[in-house]
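S.K.: got a structure for you, letters missing:
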């Protein structure tokens, strides 16, 4: 059952609205004031009057929307009074700059809405013990060079709004290091056979995480043009990425038969691929946990690598909040909400515009999420490679 209308956050046709603070959270239409969890296009839409976000997200938004984008950077764990709300941002472990939003009513708003602390997760990667895949950093690798964002920070609250992209028990991730060893072995095998390796994944976040974990001793590394502006921001803000070539027609000569090229899903089966000669293609996405996804996409390999929490990560994160009320959005909402209700929590579904969209794998879908064959892609055109040239 949806929450009553006097709640601190209310779903509207523009997204979550906080009347006490006069802002929307992750709106899907332009609004006067947006508070943004991260720079993926289903959470940050162009044309807003202002964007309150982490400093890293501010730089990514300027890379996407232009240098004059009206951003208001806010450091992690720094309370900011906005109207009748005290707001702070905390690491979400999803991509560079990703943040959870902590809200606490103050003054008259506390009398109207109560004193309960709310946390909006945005997209997040959480795993028991911290980090991802046994590591301590966002990238999930034990190698510090592979860390591309801050690790998820559990927050205590009374009300938690969680994503549910991989909200089914079938989704349980292997470690980042283990999957990346498979990627590097695949590349090594391809090189031995004189084949160029093409690896498809989201231009923002996923690709930088992979780049940071590639073994550059195997051969040359290149990226599609859609990744370049995001790589520049990551590198400028301290991410340790390998030496990277552009995937131009001229550079392709030095990549054929030995290199690996990272590209967005939109480049798959495009004329751009011809410049690399014989290729082996693969996708890096959590949906590759399901073998049928790879068959439908005709990818030769699939690597189950996600920037979202798996089932256990979602449950662990929710448990850590101590919340008695959990709103569920973006993904497998009904199964997760039902499971939470069976465990005695109050749980309801928060609708999102990102349902029924086209996924990374090219399949139609019914719910929002990562690059899904059954859930909507979380990256829209800018992140999926429709902006930027090869």
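M.R.: Great, that's in hand. It should be emphasised that the depicted structure is a prediction, and the values quoted were computed from it without experimental measurement.
S.K.: endpoints of stretch 314-332, how far apart?
M.R.: End-to-end distance of stretch 314-332 (CA to CA, to the nearest Å): 12 Å.
S.K.: C-terminal to the strand or helix carrying residue 64, what's the next element?
M.R.: Applying DSSP states H and E as the criterion places residue 64 in helix 55-65. Next along the chain after helix 55-65, taking DSSP H and E as the criterion, comes strand 71-73.
S.K.: who does the following helix or strand past that following strand touch, helix- and strand-wise?
M.R.: Downstream of strand 71-73, the first helix or strand assigned by DSSP H and E is strand 80-82. When contacts are defined as 3 or more CB pairs under 8 Å, 6 or more residues apart in numbering; DSSP states H and E, strand 80-82 packs onto strand 85-91. Quick note: C-beta positions are derived from backbone N, CA and C, even for glycine.
S.K.: for residue 253, see how far away residue 245 is.
M.R.: 11 Å (CB to CB, to the nearest Å).
S.K.: so the two - more neighbours on which side?
M.R.: residue 245 (16 against 11; other CB atoms under 10 Å).
S.K.: avg pLDDT for the biggest helix by length in the chain?
M.R.: What stands out as the longest helix in the chain, according to DSSP state H, is helix 176-192. If you average the pLDDT over helix 176-192, you get 97.
S.K.: could you list the paired strands of the helix or strand just after that helix along with their orientation?
M.R.: Beyond helix 176-192 on the C-terminal side, the first helix or strand identified by DSSP H and E is strand 196-200. Partner strands for strand 196-200, per DSSP bridges, with pairing direction: strand 260-263 (parallel), strand 279-284 (parallel).
S.K.: on that earlier part again, now for the helix holding residue 64, which elements pack on it?
M.R.: So helix 55-65, by 3+ CB pairs under 8 Å, 6+ apart, packs with strand 51-53, strand 71-73, helix 225-236.
S.K.: count of residues packed around the spatially closest residue to residue 17 that is not a sequence neighbour?
M.R.: Nearest in space to residue 17, with sequence neighbours left out and distances taken as CB to CB, 6 or more residues apart in numbering, is residue 10 at 5.0 Å. Neighbour count of residue 10, defined by other CB under 10 Å: 15.
S.K.: so, low pLDDT: which residues of this structure?
M.R.: 1-5, 129-146, 291-298, 354-390 (pLDDT under 70).
S.K.: how's this protein carved up into domains?
M.R.: 10-173+307-352, 176-303 (automatic domain parsing).
S.K.: which residue ranges of the stretch 201-350 of the chain form strands?
M.R.: 221-223, 245-246, 260-263, 279-284, 301-303, 325-331, 346-349 (DSSP state E, counting those that start in this stretch).
S.K.: burial of the spatially closest residue to residue 288 that is not a sequence neighbour, as a residue count?
M.R.: Spatial nearest neighbour of residue 288, chain neighbours left out: residue 302 (3.2 Å); criterion: CB to CB, 6+ apart. Neighbourhood size, residue 302 [other CB under 10 Å]: 21.
S.K.: residue 302 and residue 206, how far apart?
M.R.: With distances taken as CB to CB, residue 302 is found 14 Å from residue 206.
S.K.: now the common contact residues for those two.
M.R.: Counting by CB atoms under 8 Å, 6 or more residues apart in numbering, the common neighbours of residue 302 and residue 206 are residue 285.
S.K.: all helices of the protein, in order?
M.R.: 55-65, 107-113, 176-192, 206-211, 225-236, 249-255, 291-297, 311-321, 333-342, 381-384.
S.K.: rewinding a little: which one of the helices and strands packed on helix 55-65 is the most hemmed in?
M.R.: Stretch with highest mean neighbour count among these: strand 51-53 (a mean of 25; mean count of other CB atoms under 10 Å).
S.K.: just how off-centre is it within its chain?
M.R.: Offset of strand 51-53 from its chain centre (CA atoms, centre = their mean, to the nearest Å): 17 Å.
S.K.: tell me the strands beside it, with direction?
M.R.: Here, using DSSP bridges, strand 51-53 pairs with strand 34-35 (parallel), strand 71-73 (parallel).
S.K.: any chance of those in CSV, plus distance to residue 21?
M.R.: CSV is the format used below for those (distance: least, CB to CB, whole Å):
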stretch, distance to residue 21
strand 34-35, 8
strand 71-73, 13
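S.K.: so which of the helices and strands packed on helix 55-65 is nearest residue 97?
M.R.: Closest of those to residue 97 is strand 51-53, at 7.0 Å (criterion: CB to CB).
S.K.: give me the contact list for that closest one.
M.R.: Identification of contacts with strand 51-53 by CB under 8 Å, 6+ apart yields 23, 33-39, 44, 57-58, 61, 69-74, 80, 82, 87, 89, 97, 99.
S.K.: let's see that with 10 Å instead.
M.R.: Contacts to strand 51-53, defined as CB atoms under 10 Å, 6 or more residues apart in numbering, come from residues 21, 23, 25, 33-39, 43-45, 57-62, 65, 69-74, 80, 82, 87, 89, 97-99, 101.
S.K.: contacting residues around stretch 66-78?
M.R.: 33-36, 44, 46-63, 65, 80, 87-91, 97, 99-100, 102, 150, 153.
S.K.: distance between the ends of it?
M.R.: Start-to-end, stretch 66-78 (CA to CA) is 26 Å.
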